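Participant: A predicted structure for the sequence below; I have some questions about it.
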Amino acid sequence: MNVSDESSKFLSMQFIEFLNQRQNIEKTRNFNVFKSYTLDGLKIVFDFFNENSVHKTHSPIRISVVGTNGKGSTSHYLACLFSKLGYKVGLYTSPHLVSPLERFQIVTNGKPDLPNIESVEKCFQTIFVPNRKFIEQLSYFEFLTLFTYQFFQSQKMDIEIWEAGLGGRLDATKLVEANHIVLTKIGLDHSEILGDTKESICNEKLGIINHNTNSLFAMLEEVNSLSHSIQNRPRKEEVPLFVFNTPPKESYLETNFLYAKSIIEHIFPEKKEVLNSFLFSDFTKPKGRMEVLVNSPLVVFDPSHNPDAVRTTTLEFSKSHPRFHLLVGSLPDKDLNGILEVLPEVSLETLVLWEGEGFGRFPEPKYGLRERTHRQRSTEGLVPLFQGRTPILVLGSFRLYGIVANLIQNTIKM
C-alpha cells in the first residue's frame with residue numbers, strides 16, 4: 001500500500017474506530033508502563049494542537065477533580081449544578097459503561113447528554129486527521145483527553161469539569177491546566193503505582209496542581225487525616241486551600257452533591273441564593289452510581305471497587321435493605337481480600353463472587369460468610385439470583401455493568 005492509499009484509509013476512518021485502535025491500559029492492566037512514564041511527550045502534542053487551534057483565545061473555567069472515591073459523582077454534580085446556573089458545561093469522566101462518548105458529555109439544564117456524533121466526527125476529521133503523525137502513538141486515554149480538550153474548545157464551553165484517571169501528577173488531564181483542583185476522598189487503590197499509604201497516594205493526586213491553578217478544595221475529613229500531604233502540596237504559597245465540612249448523609253451521593261454546591265458557591269458567591277434553592281432530589285444520579293437497573297427484583301449497581309468504597313456503599317444499602325444478595329466482581333489488581341474483610345456479614349443473604357474472564361479470583365471469605373458464598377464464572381450460573389425477590393446489590397468493576405444489564409434483559413424481561 002502506497003502513501004496516498006494510507007492517507008485515504010485514515011481520512012475515511014471514523015473517530016470511534018481510531019480510538020479503539022489505541023493501546024488501552026484500562027483493559028490490559030499493564031501498569032508497568034508507568035514506571036518510566038512522563039507527560040513530556042504528550043505535552044508536546046498538546047502544545048502543538050493548542051498553538052494551531054482556531055479556538056485558542058477561548059478561555060473557559062477548568063476544574064480538575066482528583067481522588068480515589070467519589071470523584072465521578074462529585075464531577076457529575078459540579079457539572080449539573082453549573083449547567084442549572086445557565087453555564088454551558090463539558091464533563092470529562094471515565095471509564096464508560098457502554099459507549100466511549102459517555103466520557104465527554106455536554107451538560108444542559110442539569111442533565112448530561114452524549115455529544116453529537118456529527119460534531120465529534122467533524123472535530124476529528126478537521127483537526128486530527130490532517131495531523132495524524134502527532135497522534136498515532138498516543139494511548140487510548142491520552143488521545144481521548146487531547147481530543148476532548150479540543151472538542152470542548154470547538155464547542156466553546158463556559159465550564160469544563162475534568163475527572164482525573166489514575167492519579168494526578170502523571171495523569172493526562174493535568175495538561176488541561178485547571179484553574180481549580182477538587183480533592184475527593186483518598187483510599188488505598190493502585191498502590192503499586194501511586195504508593196502504599198494514603199499520604200503517598202494523596203501526594204500523587206495533588207501533583208495535578210499546575211502553574212495555572214489558583215485554588216484547591218478539600219473536605220475537612222481529608223484535611224485532618226492527610227494534613228502533611230495537603231499542607232505540603234505543590235505551589236502551596238500560591239494555591240490557597242478551601243476546606244468544607246460536609247456532614248455525611250444517608251447517601252454518599254448526597255454528600256458529594258453538597259460538596260459540589262459548596263465549591264461552586266465559593267467560586268461564584270453571587271450565586272449562593274440560587275444554589276440554595278437546588279435540592280439533591282432535583283438531580284438525576286450519575287449513571288452507574290447506585291443506579292437502579294430494575295425494580296423487581298430490585299437490582300442496584302455501584303462501581304465501588306476498593307475496601308473504603310465497598311464499606312460505605314454496602315452499609316448505605318443495608319440501612320434500607322436489611323437482607324440482600326451481594327454480587328461483587330473486581331479486577332485482579334484490586335485489594336480482593338480487603339473487599340471481603342469489610343462486608344456487612346449480618347445483612348448478606350448470599351455473597352456471589354463473580355470470577356469470569358478478566359476478573360480476579362477472590363480468597364476465602366470470612367468464616368461466617370463461607371456457607372453463603374458462591375463463586376460464578378458464567379452468566380448462566382447467575383440466572384437464579386435474578387429470578388427471586390430479594391434485593392441485589394452489584395459492586396465492583398464498571399465491566400460488570402454490561403454483564404448484569406444484559407443478564408437482566410435476558411432473564412427478567414423475557
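Facilitator: Looks like it came in fine. Numbers count the residues shown, from 1 in each chain.

Participant: In stretch 42-50, which of the residues would be classed as buried?
Facilitator: By 16 or more other Cβ atoms under 10 Å, the buried positions in stretch 42-50 come out as Leu42, Val45, Phe46, Phe49. (C-beta placed from N, C-alpha, C; glycine too.)

Participant: now it, how far from the centre of its chain.
Facilitator: Offset of stretch 42-50 from its chain centre (Cα atoms, centre = their mean, to the nearest Å): 24 Å.

Participant: Now do that stretch, average pLDDT.
Facilitator: Taken as a whole, stretch 42-50 has a mean pLDDT of 95.

Participant: outside of it, which residues touch it?
Facilitator: Stretch 42-50 is contacted by residues Lys56, Ile127, Asn131, Phe134, Ile135, Leu138, Glu142, Leu146, Tyr149, Gln150, Ala172, Leu175 when judged by Cβ atoms under 8 Å, 6 or more residues apart in numbering.

Participant: The residues you listed into a markdown table, with extra columns for distance to Ile201?
Facilitator: Below are the contacts of stretch 42-50 laid out as a markdown table (distance: Cβ to Cβ, whole Å):
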| residue | distance to Ile201 |
| --- | --- |
| Lys56 | 34 |
| Ile127 | 35 |
| Asn131 | 36 |
| Phe134 | 32 |
| Ile135 | 30 |
| Leu138 | 26 |
| Glu142 | 22 |
| Leu146 | 26 |
| Tyr149 | 26 |
| Gln150 | 30 |
| Ala172 | 18 |
| Leu175 | 21 |
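
Participant: okay if I get the buried residues of stretch 42-50 as CSV plus secondary structure and distance to Leu166?
Facilitator: Listed next are the buried residues of stretch 42-50 as CSV, based on DSSP: H, G, I helix; E, B strand; the rest coil; distance: Cβ to Cβ, whole Å:
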residue, secondary structure, distance to Leu166
Leu42, helix, 14
Val45, helix, 19
Phe46, helix, 18
Phe49, helix, 23
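
Participant: all strands for the stretch 151-300 of the chain, in order.
Facilitator: With DSSP state E, counting those that start in this stretch as the criterion, the stretch 151-300 of the chain has strands at 159-163, 180-183, 215-219, 241-244, 291-295, 298-302.

Participant: Tell me which of those strands sits nearest to Val328.
Facilitator: strand 298-302 (10.3 Å; Cβ to Cβ).

Participant: Can you check what angle separates the closest one from strand 291-295?
Facilitator: 160 degrees (axes from the mean of the first three to the mean of the last three Cα atoms, to 10 degrees).

Participant: Which elements pack onto strand 298-302?
Facilitator: On a contact count with 3 or more Cβ pairs under 8 Å, 6 or more residues apart in numbering; DSSP states H and E, strand 298-302 meets strand 291-295, strand 392-396, helix 399-411.

Participant: nearest to Pro100, of these?
Facilitator: Comparing these by Cβ to Cβ, helix 399-411 comes nearest, at 13.3 Å.

Participant: Contacts for the closest one, please.
Facilitator: 97-98, 288, 293-294, 299, 301, 303, 327, 329, 331, 354, 356, 358-359, 379, 382-383, 386-387, 394.

Participant: If we go by neighbour counts, what in that helix is buried?
Facilitator: Neighbour count says helix 399-411 has Arg399, Leu400, Tyr401, Ile403, Val404, Ala405, Leu407, Ile408, Thr411 buried, by 16+ other Cβ under 10 Å.
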